[in-house]
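Trainee: quick one: sequence and predicted model below, then my questions.
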Amino acid sequence: MGLLTLLTDFGDRDSYVGVMKGVILGIAPETTIVDLTHGIAPQDIAAGRFQLQSAYGYFPGGTVHMAVVDPGVGSERRSIAFATEQAFFVGPDNGLLTGVQEPIVAAVHLDRPQYWRCAEPSSTFQGRDIFAPVAAHLCKGVPIANLGTSIDPESLVRLALPLMTNLEGNQITGCIQSVDHFGNLITNLKLEPNSSKTWQIHLENNWFLIQQTYAESPVGAVMAIVGSHGFVEIAVNCGNAQERLGLKVGDRIVMNAK
Amino acid sequence: MGLLTLLTDFGDRDSYVGVMKGVILGIAPETTIVDLTHGIAPQDIAAGRFQLQSAYGYFPGGTVHMAVVDPGVGSERRSIAFATEQAFFVGPDNGLLTGVQEPIVAAVHLDRPQYWRCAEPSSTFQGRDIFAPVAAHLCKGVPIANLGTSIDPESLVRLALPLMTNLEGNQITGCIQSVDHFGNLITNLKLEPNSSKTWQIHLENNWFLIQQTYAESPVGAVMAIVGSHGFVEIAVNCGNAQERLGLKVGDRIVMNAK
Amino acid sequence: MGLLTLLTDFGDRDSYVGVMKGVILGIAPETTIVDLTHGIAPQDIAAGRFQLQSAYGYFPGGTVHMAVVDPGVGSERRSIAFATEQAFFVGPDNGLLTGVQEPIVAAVHLDRPQYWRCAEPSSTFQGRDIFAPVAAHLCKGVPIANLGTSIDPESLVRLALPLMTNLEGNQITGCIQSVDHFGNLITNLKLEPNSSKTWQIHLENNWFLIQQTYAESPVGAVMAIVGSHGFVEIAVNCGNAQERLGLKVGDRIVMNAK
């Protein structure tokens, strides 16, 4: 029995995701499949990378994570799989998978058609014809080294993220990296663990102390909090911070030690 | 093997639901997980209550129902679990779970960190850190009494629903309690079983007899019917009653015996 | 252990789909359930037919495909199940299921209440009360002949599709049969296998050669390609062809051999 997660930008209107599950279950019928999300905006590799990076650590060891956000499908971009001590990752070599924090212990270029659905895969749907069957073979216990030619983990494409946190004494500059379903604005800012400093966020000409819970703020008030991803989030208690503040992914956020 | 349902207001854009499934399957790998819906409007406890109440009775005995619509997360509101003769329920003590009709045979306050994901749970995502692991332990067969301090079922928070049915001779006043994906307006009105009376609904200065099937009305016509929830519904055959009539949850509906 | 797929127009806001899964798992607990899609537009039988037809071939032999897009629920339309050599299909007799290409080896009218959830099924939700329990019994291995009175496969309702391909020498006329989540316009045109001809599509007073991959066109350019369904698709590389061209399902498309 294997555990496999799926993340795509395929949406929920078509049967594309169902088709990939059919291919997987045809090869590895005992697999438990979990959808991470299929609601990534079309071709938004950075958003897919963030969601995968946020989620994979909560799954048990040996889980296979397959992700497809793939604007370069059919081009020369490589199809890849890699393993860490904890998990396997399968998808296009475009930065989607390389939000993974742990060391990569093996990486392969998926160049062996005997593990694909067919020798001549679709040029537009390699999720169905290459990634799904390869992920299913991993679930069945096929060693990753069998699935393709070994490649250097250093050669994998990594995203140049738009703005990294930048320490300047007691001021840190970051950006919004995701906006969730509730309208919470998730930054890339993290607090130092066990720091004795009190941190605050600058928004609309005001400073907001970073709180512990939503409930510390009145309903409808803007607030800052360390969210469940471990990053500083800007939220509105029982409201939608994105609608309230008009901010978006990539916008610059400044955090200060008081 | 256990069966577990999930209902939240988390939407389908983020990996929050997937993360909870990862936590559950890490503890109880043989669990079958069914999504009831993650499309409850943010913080709409009453809507979540209605969907859970409408669904749980169709699942086999012993199913664990976990629900998270939780505007008070991180506040003093209790985390709870309770059991009826048929099923288990896990979630926040805010009225979401108390649409259940059957007697509660045991209820606990989830105050034992050894059944959580970690001793210091997130103040914003207790679905991941408390409810998911507790629900997984129930699926594995841990007795509910182990999971927390016993509490009086009478102490659980119950929703004051906006308008209850109100019998006045042959006239009953109710309200719309849900609008479904098709635009059907689901009231909280029920017909007396085996009544010899003929009932009708008042809408837009007309009376509509309550019919047996959509197909009795011409395509596009407004109609009233006893829907699959057992409540009187206002529908448009092959159309959308909400768009047509402009009614919404909470609006008053009058039913008359002819 | 059985494998069952679900396709409906129920959306993801209500617990209707979850309720059907509860019924199925109560009868056949070992079933693996895969959602094809629940995002079919309400009552759009042709769209449901296209998605089911596109997907079922990718599932292993013996899979049970249950589909509910059912504007005639509660009317005289029949409830049916049929088998091919490869799979089972369960749903309303309205054309939704008859996109299946393989010969039908057995078909039944679902007229035996002992295989339903209850003797008096809801007139508005036969997915719950008839189709789900019948599909579950198929998953458990009940022979299809037991589930109802045998009927002639020729008697099943078939859709008159709006426009079929029409060969006139080197010019073929077809139409758009589906628009996917990415805005790709999927026609009903197929290329002759191993043809030596070069085909092109006429759009906005231009001819577009049919390409092999998205990446052959510049980002943002309109293009034609043989998509993963095997049909000619009109796409925009990393963009949305529907928004760009303003075309919709049913619009006429002309293809020419150059």
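Mentor: Great, that's in hand. As the structure is a prediction and not an experimental result, all values here were calculated from the model.
Trainee: CA atoms for contacts and neighbours, from now on please.
Mentor: Noted.
Trainee: how about the secondary structure of the residue nearest to the spatial centre of chain A?
Mentor: Nearest to the mean C-alpha position of chain A, by CA atoms, centre = their mean, lies residue A:52 at 2.4 Å. Local secondary structure at residue A:52 is given as helix here, using DSSP: H, G, I helix; E, B strand; the rest coil.
Trainee: what about it, distance to residue A:7?
Mentor: As judged by CA to CA, to the nearest Å, residue A:52 and residue A:7 stand 7 Å apart.
Trainee: the longest strand anywhere in chain A pairs with which strands, and in what direction?
Mentor: The residue-count maximum for a strand in chain A (DSSP state E) belongs to strand A:171-179. Strand A:171-179 has its sheet partners listed here by DSSP bridges as strand A:166-168 (antiparallel), strand A:185-187 (antiparallel), strand A:252-257 (antiparallel).
Trainee: including mean neighbour count and mean pLDDT, could the ones you listed go into CSV?
Mentor: Formatted as CSV, those follow (neighbours: other CA atoms under 10 Å in any protein chain shown; pLDDT from 0 to 100):
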stretch, mean neighbour count, mean pLDDT
strand A:166-168, 11, 60
strand A:185-187, 26, 96
strand A:252-257, 18, 90
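Trainee: want to throw those strands into TSV with distance to residue A:44?
Mentor: What follows is the strands paired with strand A:171-179, written out as TSV (distance: least, CA to CA, whole Å):
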stretch	distance to residue A:44
strand A:166-168	24
strand A:185-187	17
strand A:252-257	19
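Trainee: for residue B:160, find the nearest of these.
Mentor: With CA to CA as the measure, strand A:185-187 is the member of these nearest residue B:160 (32.8 Å).
Trainee: just after the closest one, pick out the following helix or strand.
Mentor: Going down the chain from strand A:185-187, the next helix or strand is strand A:199-203, by DSSP states H and E.
Trainee: and that following strand, how far out from the chain's middle?
Mentor: Centroid displacement of strand A:199-203 relative to its chain, using CA atoms, centre = their mean, to the nearest Å, is 26 Å.
Trainee: is it correct that residue A:82 falls within a strand?
Mentor: Yes - counting by three-state DSSP, one finds residue A:82 located in a strand.
Trainee: contacts only, for it.
Mentor: Contact analysis of residue A:82 by CA atoms under 8 Å, 6 or more residues apart in numbering or on different chains lists A:88, A:89, A:90, A:104, A:105, A:106, A:107, A:108, A:144.
Trainee: chain neighbours aside, what residue packs nearest to it?
Mentor: Spatial nearest neighbour of residue A:82, chain neighbours left out: residue A:107 (4.1 Å); criterion: CA to CA, 6 or more residues apart in numbering or on different chains.
Trainee: need phi/psi at the closest residue to residue A:127 other than its chain neighbours.
Mentor: Once flanking residues are discounted, residue A:127 sits nearest to residue A:68: 6.4 Å by CA to CA, 6+ apart. The phi/psi pair for residue A:68 (degrees, to the nearest 10) reads phi -140, psi 100.
Trainee: residue A:68 contacts residue A:16, correct?
Mentor: No - using CA atoms under 8 Å as the test, residue A:68 is too far from residue A:16 to be in contact (11.4 Å).
Trainee: residue numbers of the stretch 51-200 of chain A in contact with chain B?
Mentor: A:51, A:52, A:54, A:55, A:56, A:58, A:59, A:60, A:180, A:181, A:182 (CA under 8 Å from any CA of the partner chain).
Trainee: of the residues you listed, closest to chain C?
Mentor: Using CA to the nearest CA, residue A:181 is the member of these that lies nearest chain C, at 14.4 Å.
Trainee: list the contacts of that closest one.
Mentor: Residue A:181 makes contact with B:10, B:11, B:12, B:13, B:14 under the criterion CA under 8 Å, 6+ apart.
Trainee: of the residues you listed, which belong to strands?
Mentor: Using DSSP E to define strands, no part of these is located there.
Trainee: what about chain A: which of these touch it?
Mentor: Applying CA under 8 Å from any CA to the contacts of residue A:181, one finds that B:10, B:11, B:12, B:13, B:14 fall near chain A.
Trainee: just the helices in chain A please.
Mentor: Applying DSSP state H to chain A gives helices spanning A:16-27, A:45-55, A:126, A:132-139, A:241-245.
Trainee: who wins for proximity to residue B:150 among these?
Mentor: Residue B:150 sits nearest to helix A:45-55 of all the helices of chain A, at 33.4 Å, using CA to CA.
Trainee: how distant is the closest one from the center of its chain?
Mentor: In terms of CA atoms, centre = their mean, the centre of helix A:45-55 is found 1 Å from the chain centre.
Trainee: next: stretch A:41-51.
Mentor: Distance, stretch centre to chain centre, for stretch A:41-51: 7 Å (CA atoms, centre = their mean).
Trainee: ditto for stretch A:121-128
Mentor: On CA atoms, centre = their mean, the centre of stretch A:121-128 falls 21 Å from that of its chain.
Trainee: can you list the residues of chain A near chain C?
Mentor: Counting by CA under 8 Å from any CA, chain A sits next to chain C at A:10-23, A:25-26, A:42-43, A:71-75, A:122-125.
Trainee: let's see it at 7 Å
Mentor: Counting by CA under 7 Å from any CA of the partner chain, the residues of chain A close to chain C are A:10-15, A:18-19, A:22-23, A:26, A:42-43, A:71-72, A:74-75, A:122-125.
Trainee: only whichever of the residues you listed are buried, select them in PyMOL.
Mentor: Selecting only the buried entries of the residues of chain A next to chain C in PyMOL, with 16 or more other CA atoms under 10 Å in any protein chain shown as the criterion:
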select buried, chain A and resi 10+11+12+13+14+15+18+19+22+23+26+42+43+71+72+74+122+123+124+125
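Trainee: ok, what's across the strand from the nearest residue to residue A:173 once chain neighbours are set aside?
Mentor: Nearest residue to residue A:173 in three dimensions, chain neighbours excluded: residue A:254, at 4.6 Å (CA to CA, 6+ apart). Counting by DSSP bridges, residue A:254 is bridged to residue A:173, residue A:202.
Trainee: contacting residues around residue A:254?
Mentor: Residues counted as contacts of residue A:254 (CA atoms under 7 Å, 6 or more residues apart in numbering or on different chains) are A:172, A:173, A:174, A:201, A:202.
Trainee: what about it, distance to chain B?
Mentor: Going from residue A:254 to chain B by CA to the nearest CA, to the nearest Å gives 22 Å.
Trainee: how much space separates that residue from residue A:244?
Mentor: From residue A:254 across to residue A:244, the span is 18 Å (CA to CA).
Trainee: for residue A:222, same thing?
Mentor: From residue A:222 to residue A:244 the distance is 8 Å (CA to CA).
Trainee: how about residue A:217?
Mentor: Noted for residue A:217: a distance of 15 Å to residue A:244, by CA to CA.
Trainee: again with residue A:100
Mentor: 32 Å.
Trainee: who has more neighbours out of these two?
Mentor: Of the pair residue A:100 and residue A:244, residue A:100 is the one with more neighbours under other CA atoms under 10 Å in any protein chain shown, namely 18 against 14.
Trainee: which ones are touching that one?
Mentor: residue A:53.
Trainee: pLDDT score assigned to it?
Mentor: pLDDT, residue A:100: 95.
Trainee: any idea how far residue A:57 is from it?
Mentor: From residue A:100 to residue A:57 the distance is 9 Å (CA to CA).
Trainee: residue A:221 now?
Mentor: The spacing between residue A:221 and residue A:57, counted by CA to CA, is 32 Å.
Trainee: one more: residue A:112?
Mentor: Computed as CA to CA, the residue A:112 to residue A:57 distance reads 29 Å.
Trainee: coming back round to it: in the contacts of residue A:82, find the pair that's most separated.
Mentor: Among the contacts of residue A:82, A:90 and A:105 lie farthest apart (CA to CA), at 14.1 Å.
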